[in-house]
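Participant: any chance you can model this:
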Amino acid sequence: MRFRRELAVVVALFVLVGALARTSAGRFVLPLVSVAVVAALVILLFRTPAYSRTTFGPRTRILESTPNTTDTACVECGSPATTLRRYVREWVVLGVPVVLLDDGENPVCDDHRD
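Facilitator: Numbering: from 1, shown residues only. Alright, predicted model coming up:
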């Protein structure tokens, strides 16, 4: 299902570009769009990737840190938390997160860390 949707978007873009290329406005619009796409790709490629460079689509990362307060309780058992686990669900293009889809935090103790 996902492949069909992506294929439909690609075909629609090709039809749009083909129709635009046949008009007189295409002489001005297509070079500007091409420059903007190349500039966006250059910016994405020079950012430090959070994922491998071949990653594309929705991905989840887990970042761990120590909690700021000592009264934070573990979400699993209620004992004092020693680690604050932050999850981040992102849309990734060429290894670079471009859209944040969801995020949150879960304090956990050492027993429930793995």
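Participant: so what are the structural domains in this structure, by residue number?
Facilitator: The domain map for the chain lists 1-46, 50-114, with the assignment taken from automatic domain parsing.
Participant: highest mean neighbour count out of those domains?
Facilitator: Among those, the stretch with the highest mean neighbour count (mean count of other CB atoms under 10 Å) is domain 50-114, at a mean of 14. In this view, the C-beta of every residue, glycine as well, is placed from N, C-alpha and C.
Participant: on that earlier part again, could the domains of the chain go into a markdown table alongside mean pLDDT?
Facilitator: Shown next, in a markdown table, are the domains of the chain (pLDDT from 0 to 100):
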| stretch | mean pLDDT |
| --- | --- |
| domain 1-46 | 78 |
| domain 50-114 | 83 |
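Participant: doesn't His62 belong to a strand?
Facilitator: Actually, residue 62 is Ile. It isn't His. Yes. Judged by DSSP: H, G, I helix; E, B strand; the rest coil, Ile62 forms part of a strand.
Participant: which residues does it contact?
Facilitator: With contacts defined as CB atoms under 8 Å, 6 or more residues apart in numbering, the neighbours of Ile62 are Arg85, Arg86, Tyr87, Val88.
Participant: perfect, that will be all.
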